[in-house]
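1. Fold the following and give me the result.
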Amino acid sequence: MGRFRKKRVSSASKRADALYTKLKPHIVEMIEKNDPTVTGLDFNQIEANSAAVGDLLAKAAMLEALAAQPPATDAEIAEARQEALKKAEPGLAAGRKPDELSMTRMQDKGRGIKTARGDIRYRREYLYFPDLKVGIFPPR
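-> The predicted structure follows:
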């Protein structure tokens, strides 16, 4: 008799399922709008309906990937310290060394970004340097 093994579902597959569940109502709506029984439907409308769902998928995938990003690495923090000194007013930055700056890590600061699919808002880590009155979103 053969053994049955339970197939493991990968993390990526679980994330894809969650993304599909979130987008399914929009996909259903698009299919309904493109139904052959809709009178007066032309190709431009079919394309627009389909592209709208594609844009939603792209935005949702970007947001999901951004949410999965790890905290800033030591190298990124060192880079942010250098950048903070460059951004600070000269009087506040004078005589300060990057590694001596006090820093507060804020985990969920809101941020907006313009993409080819439109604006998206998300939350990410933010590094604030109170001595300089400067904040930096680490690279990524």
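2. so where's the chain uncertain?
-> Within the chain, the stretches with pLDDT under 70 are 1-9, 140.
3. for it, what spans make up the strands?
-> 104-115, 118-129, 134-136 (DSSP state E).
4. For residue 27, find the nearest of these.
-> For the strands of the chain, proximity to residue 27 was assessed by CB to CB; strand 118-129 is nearest, at 18.5 Å. All C-beta atoms are positioned from the backbone trio N, CA, C, and that covers glycine.
5. Next, the angle from the closest one to strand 104-115.
-> Going by axes from the mean of the first three to the mean of the last three CA atoms, to 10 degrees, strand 118-129 is angled at 160 degrees with respect to strand 104-115.
6. And this protein, what are its domain boundaries?
-> 11-67, 74-136 (automatic domain parsing).
7. Save those as CSV, and put in mean neighbour count too.
-> Below are the domains of the chain laid out as CSV (neighbours: other CB atoms under 10 Å):
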stretch, mean neighbour count
domain 11-67, 12
domain 74-136, 14
